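1. When you get a sec, could you give me coordinates for this:
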Amino acid sequence: MTDPTGVTDPTGTAPSRPGSLTDEERAAAFAVGAAPTSGGVDRNAALRAGRTPVPRKVVVGIITAFAVIGLGGVVLEHFFGSIGVATSVTTTTLSNTGAPPTPRLPVAPQLTAPLDAFIGLKSIGNAQAPSLAFRDQSGASWSLQDQTGKVVVVTFANIGCNDICPVLTDELRQARALLGSKAAEVEFVIVNTDPDNTSVVSTPAALTVNGLEGDNSIHFLTGSLRQLNAVWISYGVTVTVGKSPLQMTHNNVLYFVDPQGRLRSEAIPFANENGRGVYVLPQADVARFAHGIAVTAASLTPNR
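-> Numbers count the residues shown, from 1 in each chain. Next up is the predicted model:
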């Protein structure tokens with residue numbers, strides 16, 4: 001028999017090693033149910049003594065390690081938690097090309113929208129309308145103060161009708177027709193917004209484009225640049241001019257003045273600029289906007 005050291009016992013029995021049990025000792029141990037302590041470990045005594053206590057330094061070290069790991073996670077999240085999160089910064093770049101920016105016109109409301117919403121109608125109040133005193137296309141003096149007793153519809157366009165004018169004047173023409181018997185109680189005024197051409201012209205394009213030059217209730221007003229500028233400011237019209245005469249823009253607005261000369265409401269004309277730079281609008285939209293002008297003007301007439 002070979003022992004753990006590799007030596008063979010020719011008798012077939014394992015050699016006795018220091019601390020090992022003889023057959024008699026082993027039999028005695030099993031007889032009493034407890035292992036002897038000779039050369040071994042008294043396990044019952046070990047259990048009675050309790051587990052080996054963990055040194056305090058080890059406990060403190062473990063607690064410190066967990067605290068460091070937790071703090072490290074917070075710190076890492078603070079510095080690297082946004083990695084992979086997309087952020088964007090919006091910037092606006094303005095270029096000085098000499099030409100004013102083409103205004104982005106509002107998208108036309110749906111035909112199913114309420115009429116007031118369709119024309120952008122908004123009540124202003126009862127304040128007196130700013131003064132208007134110019135010469136019209138015939139060279140005759142015209143002033144807002146002389147229109148007491150009438151409703152006055154005031155709007156703005158270039159004398160050359162190279163802005164929203166073709167659409168706007170078509171709407172005025174149709175509104176004039178829709179008023180029927182009330183047409184005599186309503187005046188329509190277009191104030192010039194062209195700072196490069198302020199002369200009185202008997203047939204300005206703003207009137208001839210849609211055949212308005214022969215209608216005595218529709219006036220195209222102009223005056224000196226100083227006079228026009230004062231009115232633009234009073235009525236909230238911003239005119240921007242570029243390097244060439246054709247490079248000009250202005251915001252679009254239409255006002256309703258009641259028979260007492262009070263500024264009652266405003267509407268926002270709109271159109272779409274096509275590829276040729278001409279402002280157009282579907283006829284259904286033109287007709288509905290004209291209807292809105294007529295209804296609003298008629299509601300302010302003395303005999304409505």
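2. Wait, Ala127 touches Leu263, no?
-> Yes. Using C-beta atoms under 8 Å, Ala127 makes contact with Leu263 at a distance of 5.7 Å. All C-beta spots, glycine's among them, are computed from the backbone N, C-alpha and C.
3. Please identify which of these two sits among more neighbours.
-> Counted by other C-beta atoms under 10 Å, Ala127 and Leu263 do not tie: Leu263 has more neighbours, with 19 against 10.
4. So what sits opposite the more buried one in the bridge?
-> Beta bridges link Leu263 to Val257, judged by DSSP bridges.
5. For the helix or strand Arg176 falls within, which residues meet the burial criterion?
-> Secondary structure from DSSP states H and E places Arg176 in helix 165-178. Neighbour-count burial for helix 165-178, counted by 16 or more other C-beta atoms under 10 Å, picks out 165-176, 178.
6. The helix or strand just after it to helix 165-178, inter-axis angle?
-> Following helix 165-178 in sequence order, the next helix or strand is strand 186-192 (DSSP H and E). Relative orientation of strand 186-192 versus helix 165-178 (axes from the mean of the first three to the mean of the last three C-alpha atoms, to 10 degrees): 170 degrees.
7. moving C-terminal of strand 186-192, what's the next helix or strand?
-> Downstream of strand 186-192, the first helix or strand assigned by DSSP H and E is helix 205-208.
8. Report the spatially closest residue to Thr296, excluding sequence-adjacent ones.
-> Distances taken as C-beta to C-beta, 6 or more residues apart in numbering put Phe256 closest to Thr296, at 5.6 Å, once the chain neighbours are dropped.
9. For that neighbour, list the residues it contacts.
-> Applying C-beta atoms under 8 Å, 6 or more residues apart in numbering, one finds that Phe256 lies in contact with 151-154, 263-267, 296-297, 300.
10. Which pLDDT does the model give it?
-> If you check Phe256, the pLDDT there is 98.
11. Residue ranges of each domain in the chain, please.
-> In terms of domains, the chain is parsed into 22-80, 115-300 (source: automatic domain parsing).
12. where among these is the average confidence lowest?
-> Set side by side, the domains of the chain show their lowest mean pLDDT on domain 22-80, which sits at a mean of 50.
13. returning to that earlier point: take the contacts of Phe256 and write them to TSV, including distance to Pro282 and secondary structure.
-> As requested, those are arranged in TSV below (distance: C-beta to C-beta, whole Å; DSSP: H, G, I helix; E, B strand; the rest coil):
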residue	distance to Pro282	secondary structure
Val151	28	strand
Val152	28	strand
Val153	22	strand
Val154	25	strand
Leu263	30	strand
Arg264	29	strand
Ser265	25	strand
Glu266	23	strand
Ala267	18	strand
Thr296	21	helix
Ala297	23	helix
Leu300	28	helix
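14. List just the nearest of these to Val231.
-> Proximity to Val231 was ranked across the contacts of Phe256 by C-beta to C-beta; first place goes to Val154, at 9.4 Å.
15. residues in contact with the residue nearest to the closest one when sequence neighbours are not counted?
-> Closest residue to Val154 in three dimensions, ignoring its sequence neighbours and counting by C-beta to C-beta, 6+ apart: Tyr255, at 4.4 Å. Shown in contact with Tyr255 (C-beta under 8 Å, 6+ apart): 124, 129, 153-155, 235, 263, 265-266.
16. hmm, which of those residues are the buried ones?
-> Neighbour counting with 16+ other C-beta under 10 Å marks 129, 153-155, 235, 263, 265-266 as buried within the contacts of Tyr255.
17. Would you check how far apart Val191 and Leu221 are?
-> In this structure, Val191 and Leu221 are 5 Å apart, going by C-beta to C-beta, to the nearest Å.
18. the more surrounded of the two?
-> Counting neighbours by other C-beta under 10 Å for Val191 and for Leu221 shows that Leu221 has the greater number, 24 against 20.
19. Quickly check the contacts of Tyr255 for the two that are furthest apart.
-> Distance extremes for these: the farthest pair is Ile124 and Thr155 at 14.8 Å, using C-beta to C-beta.
20. coming back round to it: between the contacts of Tyr255, which is nearest Pro114?
-> When these are compared for distance to Pro114 (C-beta to C-beta), Ser265 comes out closest, at 14.7 Å.
21. quick one: that closest one from Ala175, how far?
-> Going from Ser265 to Ala175 by C-beta to C-beta gives 15 Å.
22. If anything else comes up later, I'll come back, but that's it for now.
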